[in-house]
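Undergrad: Structure for the following, please:
(one chain, ligands or ions: 1)
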Amino acid sequence: MGNREQLPNTSAHAELDAVIVGAGFAGLYMLYRLRNLGFSVRVFEAGSGIGGTWYWNRYPGARCDVESVQYSYQFSEALQQEWEWTERYATQPEILRYANHVADRFDLRKDIQLNTRVSAATFDEARHRWTVVTDDGKQVSAQFCIMATGCLSSTNTPKFAGLDTFRGPVYHTGQWPHEGVDFTGKRVGVIGTGSSAIQSIPLIAEQAQHLFVFQRTPHYTVPARNTPLDEAYKRQVKAEYPTMRSRAKQMFAGIDFHLNDQSAIQASEEERQREYEARWAYGGVSFMGAFNDLLFNEASNATAAAFVRSKIHETVRNPALAEALSPRYVIGCKRLCVDTGYYETFNRSNVTLVDVSKTPIEAIVAEGVQVDGKQYTVDALVLATGFDAMTGALARIDIRGKAGQPLREKWHGGPRTYLGLMTAGFPNLFTITGPGSPSVLTNMLPSIEQHVEWIADCVAYLREREIAQIEPLQQAEDDWVTHVNEVAGTNLRSTCSSWYVGANVPGKPRVFMPYIGGLPAYLEKCKEIVAAGYRGFLLSGAVTSRATALEDSR
Ligand code: NAP
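TA: Next comes the predicted model:
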């Protein structure tokens, strides 16, 4: 594994072509592309291993809810052919093994500096370069600074009164201990009922003496129907990878599944039931493809929501408990969860649901959690309370653009970008799957690849023409932000309190952050802009030759 010491080029004033922040799937592929272009690159990674999200999120039951054959890189046909996924949905350890395999296969580690958090990045206008400072006090200079910091990487720990007085261990699902946790014989409290909680609760319940689930808002979840992949299926997928990948690019969410192209309210009750039953039996997020208007028409959406509620009532034996677990808002508004045995878990005698929707958690005390004057005694606490999504990881870094403007200040009222790739006033700073791009509304792997390829093509274009910098024009950014907001308004996803709108972090501005115009429209837009000579971007300045730059730095 790479570390600070092993890197050849760690002098305090190293001059690089590019710095990449983060060694998850985005950072790894960005490094691969830039290295192939002959760029000098260093990746800084805060973790002591690569893998990003899959390095940190090791809670029990963690696995991807996009099918493994789709949640994987497609840039290398050889990689696609040689890697063997074992299950329909890969577990966190399997995905992490895959990331490590990629790093080894493409010899990426030598440019990755682990255990190093980037604390600041400042643009030097005279030199068209970024000065990037790390938490060990060192700094490097790079023409391009590429944020591969992830959309869901900055954990959100609510400020519960008394949290620090709790006598037992507190675990956040997004920062799970690498050695694992044994809950055998323990009373455990899980706070939150989003995807991370929904995956971990069934497994924690199997181990714990008693599990208390503190639920503020029930989430909709559909069964995964996970299964091992048989040889025949794997052979077929490998033979059809290119067609599957190009079908996926034509889908709104970038995932290849069958979309039933008819309206839910125009179908008969019987047709609807048949379709929903078939999707429920098949499992996974393709449930939302049952009809073409589930996220655009409230009446249509209500039919799908009612179907899921009926399944909850079928599964959970206690009707009052079933009702408490039944969401009453738009299905798919908060991200749809995918589970294995979640609702069934509430039939166990060692599981108690504590509704904190009307009376919030008052305090954490030494022995447990206090709600509505009652104390729930626990030995360990699990915070499945999510992330400061999309902007959190960037806000942690002191990023300063032209005239020293802090990015935090520019984004005070919500993130503003052009295509989710760049932001005006911060030349040569790229964000992979940044706010304003489809990112979290799509299959992340292909969206990452598209951004990486766009950025690699862009910097190669600049280099060929000896252009020193690129940044969005203010007008282009403003128009894009307006467009992002307009399309958000046409989709039911913007209608509830979710991390998509920053509602889970007190004080965060309420802005629908990802681009919800669909992946095909977005891909087209990105291509058009490039074909028009990077329309909406200002390309300026002449590059001082690299030799001179290196000379200067000595
Ligand atoms: P999340 O969806 O944001 O869920 C956080 C949970 O904590 C919610 O139930 C939330 O309640 C609750 N919560 C937050 N603050 C609280 C407070 N002060 N008091 C009580 N409850 C509180 O976070 P997540 O489950 O970690 O998932 C985040 C995203 O990560 C997912 O949507 C998904 O995109 C990704 N993810 C993917 C997978 C996968 O592929 N399988 C797995 C895990 C996560 P409210 O709903 O009321 O805010």
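Undergrad: How about the closest residue to the ligand within the stretch 351-500 of the chain, nearest residue that isn't a chain neighbour?
TA: Minimum separation of the stretch 351-500 of the chain from the ligand (C-beta to the nearest ligand atom) falls at Gly386, amounting to 2.6 Å. Where you see a C-beta, it was placed from the backbone N, CA and C, and this is true even at glycine. Once flanking residues are discounted, Gly386 sits nearest to Asn156: 5.0 Å by C-beta to C-beta, 6 or more residues apart in numbering.
Undergrad: Let me see the contact set for that neighbour.
TA: Residues near Asn156 by C-beta atoms under 8 Å, 6 or more residues apart in numbering: 385-388, 392, 504-505.
Undergrad: Could you report the separation of it from Trp499?
TA: Distance, Asn156 to Trp499, by C-beta to C-beta, to the nearest Å: 8 Å.
Undergrad: Common neighbours of those two, please.
TA: 386-387, 505.
Undergrad: Tell me where the stretch 1-150 of the chain has helices.
TA: In the stretch 1-150 of the chain, the helices defined using DSSP state H, counting those that start in this stretch lie at 25-36, 53-56, 77-82, 92-105.
Undergrad: between those, which gets nearest to Ala121?
TA: The closest of the helices of the stretch 1-150 of the chain to Ala121 is helix 25-36. By C-beta to C-beta, the value is 14.9 Å.
Undergrad: Return the list of helices and strands in contact with that closest one.
TA: Helix 25-36 sits against strand 15-21, strand 41-44, helix 92-105, helix 444-464, with contacts defined as 3 or more C-beta pairs under 8 Å, 6 or more residues apart in numbering; DSSP states H and E.
Undergrad: Just want the angle from that helix to helix 92-105.
TA: 10 degrees (axes from the mean of the first three to the mean of the last three C-alpha atoms, to 10 degrees).
Undergrad: now helix 25-36: how far from the chain's centre is it?
TA: Mean-position distance between helix 25-36 and its chain equals 18 Å (C-alpha atoms, centre = their mean, to the nearest Å).
Undergrad: which residues touch it?
TA: So helix 25-36 is contacted by 17-18, 20-21, 23, 41, 43, 45, 50, 52, 73, 75, 99, 102-103, 106, 108, 111-112, 146, 148, 150, 432-433, 444-445, 448-449, 451-453, 455-456, 459 (C-beta under 8 Å, 6+ apart).
Undergrad: what is the orientation angle of it with strand 15-21?
TA: Going by the same axes, to 10 degrees, helix 25-36 makes 160 degrees with strand 15-21.
Undergrad: List the buried residues in helix 25-36.
TA: Buried residues in helix 25-36, defined by neighbour count with 16 or more other C-beta atoms under 10 Å: 25-35.
Undergrad: And stretch 394-407, by the same measure?
TA: In stretch 394-407, counting by 16+ other C-beta under 10 Å, buried: 394-397, 399-401, 407.
Undergrad: then it to CSV, C-alphas only?
TA: Provided in CSV are the C-alpha atoms of stretch 394-407 (Å, rounded to 0.1, in the frame of the first residue of the first chain):
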residue,chain,number,x,y,z
LEU,A,394,-15.7,20.1,-0.2
ALA,A,395,-16.7,22.4,2.6
ARG,A,396,-14.3,20.7,4.9
ILE,A,397,-11.4,21.9,2.7
ASP,A,398,-10.5,25.6,2.8
ILE,A,399,-10.8,26.1,-1.0
ARG,A,400,-10.0,29.6,-2.2
GLY,A,401,-10.4,30.8,-5.8
LYS,A,402,-9.7,34.1,-7.6
ALA,A,403,-9.2,37.1,-5.3
GLY,A,404,-9.0,34.6,-2.4
GLN,A,405,-12.8,33.9,-2.4
PRO,A,406,-13.6,31.0,-0.2
LEU,A,407,-15.8,28.3,-1.9
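Undergrad: Show me where the stretch 251-400 of the chain has its helices.
TA: Under DSSP H, counting those that start in this stretch, the stretch 251-400 of the chain gives helices at 269-282, 298-315, 319-324, 342-345, 392-395.
Undergrad: and the second one, what other elements does it pack with?
TA: So the one you mean is helix 298-315. helix 269-282, helix 319-324, helix 342-345.
Undergrad: next one: the last one
TA: Under the contact criterion of 3+ C-beta pairs under 8 Å, 6+ apart, the helices and strands touching helix 392-395 comprise helix 407-410.
Undergrad: chain center to the helix it packs on: distance?
TA: Using C-alpha atoms, centre = their mean, the offset of helix 407-410 from its chain centre is 22 Å.
Undergrad: for stretch 347-358, same thing?
TA: Going by C-alpha atoms, centre = their mean, where stretch 347-358 is centred and where its chain is centred differ by 28 Å.
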